[in-house]
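for reference, the sequence and a predicted model appear below.
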There are 2 protein chains.
Amino acid sequence: MREGPDIARIASLVGDPARANMLNALMGGTALTASELALEAGVSLPTASSHLGKLMEGGLLTVASQGRHRYYGLAGPQVAGMIEAITGVAASVGPQRVRPGPRDGAMRVARVCYDHLAGEQAVAMLDRLVAKNVLVRDEQEIRLGPSAASHFAAIGIDVYTKPRRPVCRACLDWSVRRSHLAGTLGAAILDKTLAEKWARREKDSRAVIFSPPGRQAFERAFLS
Amino acid sequence: MREGPDIARIASLVGDPARANMLNALMGGTALTASELALEAGVSLPTASSHLGKLMEGGLLTVASQGRHRYYGLAGPQVAGMIEAITGVAASVGPQRVRPGPRDGAMRVARVCYDHLAGEQAVAMLDRLVAKNVLVRDEQEIRLGPSAASHFAAIGIDVYTKPRRPVCRACLDWSVRRSHLAGTLGAAILDKTLAEKWARREKDSRAVIFSPPGRQAFERAFLS
DNA sequence: CGCATAGTTCGTTCCTCATCGAAGCGTTCT
DNA sequence: AGAACGCTTCGATGAGGAACGAACTATGCG
């Protein structure tokens, strides 16, 4: 009977299996069409459309119309963070969904979290960048260190271009339980990693798989 | 149709208004009896009992039987963190539940988060302790600094006694969006604050209200 | 224009699940 | 022992909402 933000409303949106599958799929960071999400969730198109309407109304999704397609995406990093938090609880209390399987192992090593990298590899990268003083952890925030501009410029990432969102943000990793790098810089690093073909996205999964030479290049760039 | 931890299962537990109210009440940190939670949620005792059973089965709650009472509490900090995350989203996307009201203002200044202090006051405290090098932020974790033992001993808090849980932990504040101090030390500080009567708990709320002299004492102890 | 594709809206069906009263079990108090 | 209390279990009721097919709107292609 008390009040505050309407947490039940938000949680019940995530609490439907079809909607949860959609949100999970959108955690991959790329916006998807209604049909793709229907397939992902295992429901018919009308049903999916209804769900998407509810998620929109709840403020969890944004949509961009392009021609006859409508691309749905997560409303923002805060929503992604909430889903990671729920995932963390589900992973730790759940009856451990049968065997972990190889794909699950790959997910722990590296995966996409909304628009940036997560997993052991991502956590290690942030640690290393902080240790090298390229980034500076200050209180909760992460800031650019003195050598950041030149360091990233050498790899072909411009840390100044994108104004609106914070450049660096910490994002808690549900598998490692430590922070990894989010923000525009985190997003740029993921872009770079995929553009250089250091790693590829596993089809229909958030897992990110590094090729052996790609791994070396990535480590040379960020972990050396 | 993909898999991973069963997030819908967890979210749907939080998604019922009665259960959400119960969880919210338990965010106050004190374990409550089934009757108290029934009152809190505005449902009958049998209904509440049914909800509590589900929350138990889902691993979100723990219970301790004492005589004819059964005290229910949150299963752990991870669950509390998840609820804060959901609260954050609900607060930012929600239709802003009418006017903020004085109680809501008090909540932003200081409130109980599971077993420690949250809100502006708590965030400021952590910042100050880190600035004074009493605590050290290292990567995501917070560790005790060299002067921590003597500093807290002077206030009457022993930082060594409690072995199991980590002494320090960072916990993300939904109102300020910055970290505050959790862990056994965070809990000890809350205990101290209430024991010294620097502040009192608002009845039926998570809000914590400092008395003017209490505020001074608190600031002398942690913010000076 | 007419046809195909992408999405939404509508109406109906069906099932889950929240709710409560009544009854049952265990604990405490006198 | 008996009575009062705290809580859970059972059974019946009812409402909300998830699902789909069919019809409708909008965009793109020839």
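Nice, thanks for sending it over. The model shown is predicted, which means the values in this text are computed figures rather than measured ones.

when you work out contacts or count neighbours from here on, use the C-alpha atoms and nothing else.
Noted.

distance from the chain centre to stretch A:133-153, please.
21 Å (Cα atoms, centre = their mean, to the nearest Å).

typo on my end, it should be stretch A:33-49
Worked out by Cα atoms, centre = their mean, stretch A:33-49 lies 21 Å from the chain centre.

hmm, it touching chain B?
Yes - using Cα under 8 Å from any Cα of the partner chain, stretch A:33-49 reaches chain B at A:39-42.

any idea of the mean pLDDT in that stretch?
On average, the pLDDT along stretch A:33-49 is 94.

please identify the buried residues of it?
A:33-38, A:40-42, A:48-49 (16 or more other Cα atoms under 10 Å in any protein chain shown).

for chain A, what spans make up the strands?
A:32-33, A:61-66, A:69-74, A:111-113, A:116-118, A:135-138, A:141-144, A:169-172, A:179-182, A:199-201, A:208-210 (DSSP state E).

just to revisit the earlier point, quick check, nearest of the residues of stretch A:33-49 next to chain B to DNA strand C?
Nearest to DNA strand C among the residues of stretch A:33-49 next to chain B, counting by Cα to the nearest atom of the strand, is A:Leu39 at 10.1 Å.

quick revisit: so of the residues of stretch A:33-49 next to chain B, which ones are in helices?
A:39-41 (DSSP state H).

redo the residues you listed as CSV? Include distance to DNA strand D.
As requested, these are exported to CSV (distance: Cα to the nearest atom of the strand, whole Å):
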residue, distance to DNA strand D
A:Leu39, 10
A:Glu40, 12
A:Ala41, 8
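
closest one of those residues to B:Val63?
A:Ala41 (35.4 Å; Cα to Cα).

if I look at A:Pro212, how far off is A:Glu219?
Using Cα to Cα, to the nearest Å, A:Pro212 is found at 11 Å from A:Glu219.

between those two, point out the one with more neighbours.
For A:Pro212 and A:Glu219, the more surrounded residue by other Cα atoms under 10 Å in any protein chain shown is A:Glu219, and the numbers stand at 14 against 11.

need the winner for burial among the strands of chain A.
For the strands of chain A, the largest average neighbour count (mean count of other Cα atoms under 10 Å in any protein chain shown) is found in strand A:116-118, namely a mean of 28.

which elements pack onto that one?
When contacts are defined as 3 or more Cα pairs under 8 Å, 6 or more residues apart in numbering or on different chains; DSSP states H and E, strand A:116-118 sits against strand A:111-113, strand A:179-182, helix A:183-195.

now the angle between helix B:77-93 and the longest helix along chain A, please.
If you go by DSSP H, chain A has its longest helix at helix A:77-93. Per axes from the mean of the first three to the mean of the last three Cα atoms, to 10 degrees, the angle that helix A:77-93 makes with helix B:77-93 is 160 degrees.

state the distance from the residue positioned nearest the centre of chain A to A:Ser205.
For chain A, the residue sitting closest to the mean C-alpha position, by Cα atoms, centre = their mean, is A:Cys113 at 1.4 Å. With distances taken as Cα to Cα, A:Cys113 is found 11 Å from A:Ser205.

so what sits against both of those two?
A:Gly28 (Cα atoms under 8 Å, 6 or more residues apart in numbering or on different chains).

need the contact list for A:Pro17.
A:41, B:8-9.

relative to B:Asn24, how far out is it?
24 Å.

and the nearest residue to A:Tyr114 once chain neighbours are set aside, what are its phi and psi?
Spatial nearest neighbour of A:Tyr114, chain neighbours left out: A:Gly29 (4.0 Å); criterion: Cα to Cα, 6 or more residues apart in numbering or on different chains. Dihedral pair for A:Gly29: phi 100, psi -30, per degrees, to the nearest 10.

touching, A:Gly29 and A:Arg111? I think so.
No - A:Gly29 lies out of contact with A:Arg111 (Cα atoms under 8 Å); the separation is 10.7 Å.

quick revisit: is it true that the residue nearest to the centre of chain A touches A:Met27?
Yes - between A:Cys113 and A:Met27 there is a contact at 5.8 Å, judged by Cα under 8 Å.

common neighbours of these two, please.
Common neighbours of A:Cys113 and A:Met27 (Cα under 8 Å, 6+ apart) are A:80, A:206.

which secondary element of chain A has the worst mean pLDDT?
strand A:169-172 (a mean of 62; mean pLDDT, DSSP states H and E).

A:Phe210: what's it in contact with?
A:198-200.

for chain A, what lies in contact range of DNA strand C?
Selection of chain A residues close to DNA strand C by Cα under 7 Å from any atom of the strand yields A:33-36, A:45-50, A:52-53, A:68-71.

ok, and of those residues, which contact DNA strand D?
A:45-48, A:68.

of all those residues, which two lie farthest apart?
So, these by Cα to Cα: farthest apart are A:Thr47 and A:Arg68, at 18.7 Å.

pLDDT score for the residue in chain A positioned nearest to DNA strand D?
Per Cα to the nearest atom of the strand, A:Gly67 is where chain A lies closest to DNA strand D, at 3.1 Å. We have a pLDDT of 79 for A:Gly67.
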